[in-house]
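1. Sequence isn't available, so here's the structure alone:
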């Protein structure tokens, strides 16, 4: 008798039955990577419907690769936005992925793809793209006591569509590191405002427009997968040698402000 009552209660409280119109029933959406992930760190999955994030989940890399990201979503047009490789960046209000002050961009791979959760279940296999660029920077003839910093105007990404969002990006590099060569992970840029400032005791001595130098090679931050950049700056001879991943080296005169 108890089993019969439990079965009856389940039928009465179920949101959807065989006889009902099932268009209002939720869809079991499986989000999984099409290939093995290329970076360590956490994964954040955002479900976008009607122009806003309606559901979000953060997972370990292993769980995401194992197909454990299942979300109940409404049966309507859906965009699935995924970021992988999160290690030091922060979720801000569920809407942004922020680069912390004086930190670099994480080794992020991301995508924003449409899904069609029209049935009881939907399999969304996503292909991720490299959404950061390594800038290998070497500065020659940087005098003792001078400080070097790299700054830009992008400090994160919107979780809704993986687009870069404006903010203060600033990395201070020690003199010795600049002479040996250092690596700075950059977020996708919106313009050519990336710059390197050389200063002493807080006073700006020289401002070198890195963004302009990079753009002059033909490099584009609009590419789907961002390539890495190697740049050597000779302050005494005023030239920059730029080598884009897989490209021939380009030598460019340094433009001073």
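-> Here it is on my side, so go on. As the structure is a prediction and not an experimental result, all values here were calculated from the model.

2. Which helix or strand lies directly C-terminal to the worst-scoring helix or strand of the chain on mean pLDDT?
-> For the chain, using mean pLDDT, DSSP states H and E, the weakest element among its helices and strands is helix 2-13, scoring a mean of 38. If you walk from helix 2-13 toward the C-terminus, the next helix or strand you reach (DSSP states H and E) is strand 27-33.

3. and for stretch 30-40, what are the contacting residues?
-> For stretch 30-40, the surrounding residues in contact (CB atoms under 8 Å, 6 or more residues apart in numbering) are 43, 45, 61, 64-65, 67, 69-71, 80, 82, 84-85, 87, 106-109, 121-128, 130. Where C-beta positions appear, they are placed from N, C-alpha and C, glycine not excepted.

4. Just the buried ones from these?
-> The neighbour-count criterion (16 or more other CB atoms under 10 Å) marks 43, 45, 61, 64-65, 69, 71, 80, 82, 84-85, 106-109, 122, 124, 126, 128, 130 among these as buried.

5. Can you flag which of the residues you listed belong to helices?
-> In helices, defined here by DSSP state H, the members of the buried ones among the contacts of stretch 30-40 are 61, 64, 65.

6. how about CSV for the residues you listed, with pLDDT added?
-> Formatted as CSV, these follow (pLDDT from 0 to 100):
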residue, pLDDT
61, 95
64, 96
65, 95
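
7. what's the distance between residue 236 and residue 139?
-> With distances taken as CB to CB, to the nearest Å, residue 236 is found 11 Å from residue 139.

8. and what of residue 62?
-> Distance of residue 62 to residue 139, computed by CB to CB: 40 Å.

9. These two - which one has more neighbours?
-> The residue with the greater number of neighbours, taking residue 62 and residue 139 and applying other CB atoms under 10 Å, is residue 139; the counts read 23 against 10.

10. Name the helix or strand for the more buried one, please.
-> Going by DSSP H and E, residue 139 is part of strand 132-140.

11. partners of the helix or strand just after that strand in the sheet?
-> Counting by DSSP H and E, the element after strand 132-140 in chain order, helix or strand, is strand 147-158. In the sheet containing strand 147-158, the strands it pairs with under DSSP bridges are strand 96-98 (antiparallel), strand 164-173 (antiparallel), strand 195-200 (antiparallel).
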